[in-house]
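*Asks:* okay, predicted coordinates and the sequence, questions at the end:
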Amino acid sequence: MIDWQIDSWRKLPIKQVPEYNDQNHITQVEKELSIRPPLVFAEEVRRLRKRMADVAEGKAFLLQGGDCAESFAEHNANNIKDSFKVLLQMAVVLTFGSALPVIKIGRLAGQYSKPRSSPLEVIDNVSLPSYRGDMVNDMAFNDQSREPDPERLLKVYDKSASTLNLLRAFASGGMADLTKLHEWNLEFVRGTKEAEKYKELADKITFSMEFMNACGMTPENTAQLRETEFYTSHEGLLLNYEEALTRKDTITEEKGWFSTSAHMLWIGDRTRNIDEAHVEYMRGIANPIGLKCGPSTDPDDLLRLIEKLNPLNQPGRLTLIARMGSSEVYSKLKPLISAVKKSGLIVGWCCDPMHGNTVKASSGFKTRKMNDIMTEVKGFFDVHKEMDTIPGGVHFEMTGQNVTECVGGVYEVTETNLADRYHTHCDPRLNATQSLELAFLLADLLSDNRNISRKLVSTAC
Ligand code: PEP
Ligand code: CO
């Protein structure tokens, strides 16, 4: 990598990071982090890059989801387990609809810092620094809480390590066993139309499993039936934390620098300036990375960014995460896809139907409407169909908890219900029922795609 060093980002302008009062303290914390063990390993990262290359080619589908912002208060085994279960359920629905492997990546085990639209929050004429995620400061609205605290970086490392430990155990220790499909249903989802649809599908899979068992393929002798691959990701926002966990791979020939804080990192829509620090740091690591593309993304700028972030045009390295909003998805996404297609640059395309659809309810709560989310997803698939390109995946904010943060859906959360269980530390998330509803919509869209490509193959024969 030309002219890149692990800390070359430090010489460039940077946005959305905290300023610490005590420089010695933050330097001490960075030192401490840099000697702690890596959270993920180069070989896992390389494997994900291969999976993401499949996503870009339409041989796999990406399901990336989790909290908008993880929080220390909600860090517990049940919450992690419930999010994991919902992601597994969604993945089963999608695998069934698409007949493709589904690559599962959590916004988990590190998603603790947030970019904000304003540096200050004003309540009753009192103005304080905005809450930037538990990695930076505390949500409580007072001077002391809002002061950025370096110790929080160490706490994020500890929390992320224990989340990862549990996720690894869930993925390979029995929870993901396909014979347990029915047990993934969460209590509060039972009785809904989505739960019924899920049960029907799980029954069909159980039936096929019985056939496979009779043929000699059982969870005991076939790892794919009892285990799953599960990867982690977060926005790479606090680059001092990322730098401290960036390590050289000494084992294989590739010998590159790997971020070991997560398998995948992404660049947010507010920090994707080509001449600034976040792009500089990300260009040098060998992980698969994501780039959020909002409505202000210019097609020529995007091509330059892709060339900078993936100069070797390596498949699986870069996934573009489009977050245009339901009303702009068609008009804004098409020119980007068109430019990338003409350029021959290899990227995966993924749809984030959340961040372009945030609105304020009359009660003051930030929310998102299920209808807008669904419309953006459909629009994303439509544009790709028209352009003959690949709608590779979705990226969304969800929780396994029974929250009322997004309105609509079969359970019909209304604007007046929002206050009932509004727990998010940042943006509104889909609850488990709404997540399943999204999965069934995606499964329909994917199975349409599959029928189209089948038709094309049969006419070609
Ligand atoms: C996010 O993914 O939580 C986020 C802040 O997204 P974006 O950068 O697309 O606004
Ligand atoms: Co968010």
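*Replies:* Looks like it arrived, so ask away. Ligands and ions are numbered 1, 2, ... in the order given.
*Asks:* doesn't L62 belong to a strand?
*Replies:* Yes - the assignment for L62 by DSSP: H, G, I helix; E, B strand; the rest coil puts it in a strand.
*Asks:* look at the residue in the stretch 201-350 of the chain positioned nearest to ligand 1 and say how many residues are nearby.
*Replies:* Nearest to ligand 1 in the stretch 201-350 of the chain, going by CB to the nearest ligand atom, is G268, at a distance of 3.2 Å. No exception for glycine: its C-beta is placed from N, CA and C like everyone else's. Using other CB atoms under 10 Å, G268 has 22 neighbouring residues.
*Asks:* near ligand 2, which residues of this structure?
*Replies:* 68, 427 (CB under 5 Å from the ion).
*Asks:* re the thing from before, for the residue of the stretch 201-350 of the chain closest to ligand 1, give me its contacts.
*Replies:* 16, 115, 235, 237, 278, 292 (CB atoms under 8 Å, 6 or more residues apart in numbering).
*Asks:* which of those come close to ligand 1?
*Replies:* Applying CB under 6 Å from any ligand atom, the subset of those adjacent to ligand 1 comprises 115, 235, 292.
*Asks:* buried only: go through those for me.
*Replies:* 115, 235, 292 (16 or more other CB atoms under 10 Å).
*Asks:* the helix or strand E44 falls within packs against which elements?
*Replies:* E44 is part of helix 42-57, with elements assigned from DSSP states H and E. Where contact means 3 or more CB pairs under 8 Å, 6 or more residues apart in numbering; DSSP states H and E, helix 42-57 is packed against strand 61-66, strand 102-107, strand 257-259, strand 318-322, strand 348-351.
*Asks:* buried deepest among the ones you listed, which one?
*Replies:* A comparison of these by mean neighbour count, using mean count of other CB atoms under 10 Å, puts strand 348-351 on top with a mean of 28.
*Asks:* is ligand 1 contacted by that one?
*Replies:* No - contact of strand 348-351 with ligand 1 (CB under 6 Å from any ligand atom) is absent, the minimum separation being 11.5 Å.
*Asks:* packing partners for that strand?
*Replies:* Helices and strands touching strand 348-351, as assessed by 3+ CB pairs under 8 Å, 6+ apart, comprise helix 42-57, strand 61-66, strand 318-322, helix 370-387, strand 393-397.
*Asks:* show the contacting residues for the residue in the stretch 51-200 of the chain that ligand 1 sits nearest to.
*Replies:* In the stretch 51-200 of the chain, the residue that lies nearest ligand 1 is C68 (5.0 Å; CB to the nearest ligand atom). Applying CB under 8 Å, 6+ apart to C68 gives the contacts 107, 111, 114, 354, 397, 424-429.
*Asks:* ligand 1 contacts on the stretch 1-150 of the chain?
*Replies:* Residues of the stretch 1-150 of the chain found near ligand 1 (CB under 6 Å from any ligand atom) are 68, 115.
*Asks:* pretty sure A244 is touching T27, no?
*Replies:* No - look at A244 against T27 with CB atoms under 8 Å: they stay out of range, at 10.6 Å.
*Asks:* more crowded one of those two?
*Replies:* Using other CB under 10 Å, the more surrounded residue of A244 and T27 is A244, with 22 against 13.
*Asks:* quick check: closest non-adjacent residue to that one.
*Replies:* Excluding the flanking residues, the one nearest A244 by CB to CB, 6 or more residues apart in numbering is L33, at 3.6 Å.
*Asks:* number of nearby residues for that neighbour?
*Replies:* L33: 19 surrounding residues under other CB under 10 Å.
*Asks:* confidence score at it?
*Replies:* Among the per-residue scores, L33 holds a pLDDT of 98.
*Asks:* and the helix or strand harbouring it, what's buried?
*Replies:* Following DSSP H and E, one finds L33 within helix 23-34. For helix 23-34, the neighbour count (16+ other CB under 10 Å) marks 26, 29, 33 as buried.
*Asks:* what residues of stretch 119-127 count as buried?
*Replies:* Of the residues in stretch 119-127, none is buried (16+ other CB under 10 Å).
*Asks:* can you list the contacts of G268 in TSV and add pLDDT and secondary structure?
*Replies:* As requested, the contacts of G268 are arranged in TSV below (pLDDT from 0 to 100; DSSP: H, G, I helix; E, B strand; the rest coil):
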residue	pLDDT	secondary structure
Q16	98	coil
P115	97	coil
E235	98	strand
L237	98	coil
H278	98	helix
K292	98	strand
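*Asks:* what's the closest of those to R10?
*Replies:* The closest of the contacts of G268 to R10 turns out to be H278 (CB to CB; 12.0 Å).
*Asks:* any idea how far the closest one is from V340?
*Replies:* 21 Å (CB to CB, to the nearest Å).
*Asks:* those two: which is more packed in?
*Replies:* H278 (28 against 20).
*Asks:* one step back: I'd like to know which elements the helix holding L33 is packed against.
*Replies:* Judged by 3+ CB pairs under 8 Å, 6+ apart, helix 23-34 is in contact with helix 151-172, helix 239-244.
*Asks:* quick check: which of these is buried the most?
*Replies:* Buried most deeply of those, by mean count of other CB under 10 Å, is helix 239-244, with a mean of 22.
*Asks:* D82: helix or strand, and which one exactly?
*Replies:* Going by DSSP H and E, D82 is in helix 77-98.
*Asks:* next one: W266
*Replies:* Here W266 is assigned to strand 264-267, by DSSP H and E.
*Asks:* nearest to M52 among the ones next to ligand 1 among the contacts of G268?
*Replies:* K292 (15.8 Å).
*Asks:* how far away from the center of its chain is stretch 26-45?
*Replies:* Centre-to-centre, stretch 26-45 and its host chain are 21 Å apart (CA atoms, centre = their mean, to the nearest Å).
*Asks:* can you tell me the distance between the two ends of it?
*Replies:* Terminal residues of stretch 26-45 lie 28 Å apart, using CA to CA, to the nearest Å.
*Asks:* which residue is the nearest non-sequential neighbour of V359?
*Replies:* Nearest in space to V359, with sequence neighbours left out and distances taken as CB to CB, 6+ apart, is T367 at 6.2 Å.
*Asks:* pLDDT wise, what is that neighbour at?
*Replies:* The model's pLDDT for T367 equals 96.
*Asks:* and it, what does it touch?
*Replies:* Going by CB under 8 Å, 6+ apart, T367 touches 358-361, 405-407, 415, 418, 428.
*Asks:* kindly report the same for Q28.
*Replies:* Q28 makes contact with P150, according to CB under 8 Å, 6+ apart.
*Asks:* model confidence for it, exactly?
*Replies:* Taking Q28 on its own, its pLDDT is 98.
*Asks:* and for I452?
*Replies:* As predicted, I452 sits at a pLDDT of 67.
*Asks:* go on, T424?
*Replies:* On pLDDT, T424 comes in at 88.
*Asks:* just to be sure, it is in a strand?
*Replies:* No - looking at T424 with three-state DSSP, it is coil, so not inside a strand.
*Asks:* list the contacts of it.
*Replies:* The contact partners of T424, taken as CB under 8 Å, 6+ apart, are 67-69, 399, 403, 405.
*Asks:* cool, and E19?
*Replies:* Counting by CB under 8 Å, 6+ apart, E19 touches P148.
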